[in-house]
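# with the input below, show me the fold.
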Amino acid sequence: MKRKLRYGMVGGGQNAFIGAVHRMAADLDGQIELVAGAFSSDPKNSQKTGKQLFLDPKRVYGSYEEMAQLEAALPADKRIDFVSIVTPNFLHTPVATSFLKAGFHVVCDKPMTLTLKEAKVLRNIVRKSGKVFALTHNYIGYPMVKEARELVRSGKLGKILKVVTEYQQGWLLDKIEADGQKQAVWRTDPKRAGASGCLGDIGTHAENLGRYITGLEIDSMCVEFTTFIPGRRLEDDANMLIRYKGGAKGVLNCSQISCGKENDLNIRIYGTKGSLAWHQEHPNELQFIPKGEPAKTLRPGNDYVSQAAKKFSRLPFGHPEAFIEAFANIYLEAVAAICACIEGKPGGQFDFPTVDDGVHGMAFLETAVKSATSNGKWIKFVPI
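Below you'll find the model as predicted:
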C-alpha cells in the first residue's frame with residue numbers, strides 16, 4: 001500500500017475505556033488514520049469526542065446506521081477502509097452487519113456477539129462478504145505469548161498434560177453498578193453483556209489464550225458460576241474443569257471479586273518434557289522449565305527467541321513492551337490482511353483472531369452456561 005488505511009470507530013466516546021485503547025494501538029505503527037466515527041448513541045457526545053480527536057464534523061455521525069450509509073456513499077479515495085467496533089456486546093452484531101453489508105472490513109472487540117445464534121449468523125455474513133473480520137483478543141498479541149506457542153509447537157514441552165489458566169480482578173467487589181459506574185452498569189446487565197458476566201468478560205480471554213498457545217481443543221467441561229454480590233444479575237466468579245481431546249486436563253478460573261487483584265491473567269502449561277508460565281502483569285517474561293533443568297526466563301528482543309516473537313517486538317531487549325503494543329499487534333496483522341484484500345491478494349497467512357474464533361468463543365460460553373445452570377454437570381463441547 002502507498003497510503004495509510006482510513007478507519008472509523010463505532011463506540012469509544014466520552015468516559016469509555018476500551019475505545020481509547022484501540023485508538024492508541026491503531027496509531028502505534030503509523031499505518032492507520034482515524035477519519036470518522038459514531039462514538040456514542042448520544043449525538044452530542046459523539047460530536048464532542050470527534051472534536052477532541054480533530055475530526056471533520058461532517059464525518060462524526062449520530063448513529064452507526066448513518067455512518068455506514070454515508071461512508072459507503074463517499075468516493076473510494078475518501079471513505080473508510082474498515083470500522084473498529086468498541087461498543088457493549090449487544091451492539092456488535094448489528095454494527096458489524098451494517099458495515100459488512102456496506103462493503104467495509106471490520107475489527108471488533110470481544111466477545112463477538114451476544115449469543116451463539118448471532119455468532120453463526122454473523123459468520124455467514126462475513127463469509128459472504130469476503131471482507132476481513134478481526135476479533136481483538138489482544139492478549140495473544142504479546143511477543144512472549146507467541147514464544148510460548150512456538151515452544152509448544154516445536155515439541156519442547158512434549159505431550160501436554162495440564163493447562164491452568166487464571167484471570168483475577170477485584171474491581172467488582174463492591175456493587176458499583178448501583179452507583180452508575182459506566183463499565184459496571186453494562187457488564188452486569190444480561191441484556192447488554194449476554195448470559196455470562198465474569199466468564200464472558202475476562203474468562204473468554206483466558207480460554208482463548210490457552211487454545212492459542214497449546215492448540216488443544218476442548219472435549220467437555222464442568223462449570224460453577226457464583227454471584228457473590230447480592231442483587232447482581234450475572235456471575236462475578238467462575239470456576240471450570242476442562243477435559244481436552246487427547247487426554248490433557250485443564251483448570252480455568254476467573255473472578256472479578258478477588259480483593260486486591262488488578263488484571264492478573266496468567267497461564268501455566270505442563271508437558272512431559274517441560275513446562276512454561278506467563279503472567280500478563282509481567283508480560284516480558286516467559287518462564288520455561290525443561291525437564292531436569294533449571295528454570296529459564298525468556299525475554300523479548302533477544303537473539304534466542306523465535307522469529308514469531310521477534311516479528312511482534314518493536315524495541316531492543318530490556319525496553320518494556322506491554323498492553324498497547326499487544327493490542328497494536330492485532331491491528332498490525334489485521335491491517336496486513338486488509339491491505340492484501342485491497343490489492344487483490346487475499347488469502348495470506350495472518351496472525352489474528354477471526355470470525356471463526358468468535359464463534360468458538362460463543363460456543364464456549366454457551367456450553368459453560370449450560371454446565372453452570374445444571375449444577376456443574378459435565379457438558380460436551382461441540383465445535384461449531
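
# can you give the domain ranges for this structure?
5-131, 143-315+361-380 (automatic domain parsing).

# would you list these in TSV and tack on distance to residue 324, mean neighbour count and mean pLDDT?
Just so you know, the C-beta spots here come from the backbone N, C-alpha and C atoms, and that holds for glycine as well. Listed next are these as TSV, based on distance: least, C-beta to C-beta, whole Å; neighbours: other C-beta atoms under 10 Å; pLDDT from 0 to 100:
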stretch	distance to residue 324	mean neighbour count	mean pLDDT
domain 5-131	5	19	96
domain 143-315+361-380	11	18	97
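
# quick one, which of the ones you listed gets closest to residue 327.
Among the domains of the chain, domain 5-131 comes nearest to residue 327, with 3.6 Å by C-beta to C-beta.

# residue boundaries of the helices in the stretch 101-250 of the chain?
Using DSSP state H, counting those that start in this stretch, the helices of the stretch 101-250 of the chain run over residues 116-129, 143-153, 182-187, 190-193, 198, 204-214.

# could you say what helices and strands the third one packs with?
The helices and strands touching helix 182-187, judged by 3 or more C-beta pairs under 8 Å, 6 or more residues apart in numbering; DSSP states H and E, are helix 190-193.

# bridging residues for the nearest residue to residue 144 once chain neighbours are set aside?
With sequence-adjacent residues excluded and distances taken as C-beta to C-beta, 6 or more residues apart in numbering, residue 144 is closest to residue 286, at 4.1 Å. As for beta bridges, residue 286 partners with residue 278, residue 298 under DSSP bridges.

# where does residue 40 land in three-state SS?
Three-state secondary structure (criterion: DSSP: H, G, I helix; E, B strand; the rest coil) places residue 40 in coil.

# look up how far residue 292 lies from it.
With distances taken as C-beta to C-beta, to the nearest Å, residue 40 is found 58 Å from residue 292.

# now swap in residue 261 and tell me
Distance of residue 261 to residue 292, given as C-beta to C-beta: 34 Å.

# cool, residue 13 as well?
To residue 292, residue 13 is 55 Å away according to C-beta to C-beta.

# ditto for residue 173
Distance check for residue 173 against residue 292: by C-beta to C-beta, it reads 42 Å.

# cool, residue 63 as well?
According to C-beta to C-beta, residue 63 and residue 292 sit 62 Å apart.

# same question for residue 62.
To residue 292, residue 62 is 64 Å away according to C-beta to C-beta.

# do the same with residue 322
In this structure, residue 322 lies at 33 Å from residue 292, with C-beta to C-beta as the measure.

# cool, and residue 353?
Separation of residue 353 from residue 292 (C-beta to C-beta): 36 Å.

# now do the contacts for residue 39.
The contact partners of residue 39, taken as C-beta atoms under 8 Å, 6 or more residues apart in numbering, are 9-14, 16, 19, 45-46, 49-50, 60.

# among these, which lie within strands?
For the contacts of residue 39, membership in strands holds for 9-11, with DSSP state E as the criterion.

# which of those residues sits closest to residue 78?
When these are compared for distance to residue 78, the smallest value, 16.9 Å, is given by residue 9; criterion: C-beta to C-beta.

# in the sheet, who's paired with the closest one?
Counting by DSSP bridges, residue 9 forms beta bridges with residue 37, residue 84.

# verify the stated contact: it with residue 20.
No. Residue 9 sits out of contact with residue 20 when judged by C-beta atoms under 8 Å, with a separation of 10.3 Å.

# now list whatever residues contact both of these two.
What both residue 9 and residue 20 touch, as defined by C-beta under 8 Å, 6+ apart, is an empty set.

# hang on, residue 271 packs against residue 161?
Yes. Counting by C-beta under 8 Å, a contact exists between residue 271 and residue 161, whose distance comes to 6.0 Å.

# show the contacting residues for the most centrally placed residue in the chain.
With distances taken as C-alpha atoms, centre = their mean, residue 137 lies nearest the centre of the chain, 1.9 Å away. Contacts for residue 137 were tallied using C-beta under 8 Å, 6+ apart; they are 110, 204-205, 208-209, 212, 330, 353, 357, 361.

# just put those in CSV and tack on distance to residue 129.
Compiled in CSV, these are given as follows (distance: C-beta to C-beta, whole Å):
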residue, distance to residue 129
110, 20
204, 24
205, 27
208, 24
209, 28
212, 25
330, 20
353, 18
357, 17
361, 20
